[in-house]
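how would this look folded up:
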Amino acid sequence: MSKQVVEKVVADAVVQRVNEMVHTYFREISQIPRESGNEAAIADYLVSFAASLASEGVTYERSKHEPIDGKTIYNLVIRKPGTKGYENLPPVILQGHMDMVCQKEKNSTHDFTKDPIEIVIE
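Residues are numbered from 1 along each chain as shown. Here you go, the predicted structure:
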């Protein structure tokens, strides 16, 4: 087998594994109700995820703020050190929301406070 063929097989396997991991995490997160103002469970999930990576140098800071308009606000910062050889490069920052803006059809019985999101694959 040529070096190019081996590299292609390895690259394809890595892409497949990454896709599997993304789908796994997406399925897990989809089981957690997280409408705006109800982020405690998703914050707990993310803290658990970060804590599971502590051996890799991952750290986290979690804060809970007083309610605004009756909704408690959670912030979570997760830090991971740079990969060996890249420790001194500028950091990469990914920012996102833990909550989800919830909308449904008028005839839906889905309850965003307790029901998981049904995943539809087409």
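
Okay, helices next: where are they in this structure?
For the chain, the helices defined by DSSP state H occupy 3-30, 40-52.

what helices or strands is the longest one leaning on?
Applying 3 or more CB pairs under 8 Å, 6 or more residues apart in numbering; DSSP states H and E, one finds that helix 3-30 makes contact with helix 40-52. (C-beta placed from N, C-alpha, C; glycine too.)

Just put the helices of the chain in CSV and tack on mean pLDDT and mean neighbour count.
Listed next are the helices of the chain as CSV, based on pLDDT from 0 to 100; neighbours: other CB atoms under 10 Å:
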stretch, mean pLDDT, mean neighbour count
helix 3-30, 92, 11
helix 40-52, 91, 15
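
could those go into JSON lines alongside distance to Q95?
What follows is the helices of the chain, written out as JSON lines (distance: least, CB to CB, whole Å):
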{"stretch": "helix 3-30", "distance to Q95": "17"}
{"stretch": "helix 40-52", "distance to Q95": "13"}
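
Which one, of these, ends up nearest to V58?
helix 40-52 (5.4 Å; CB to CB).
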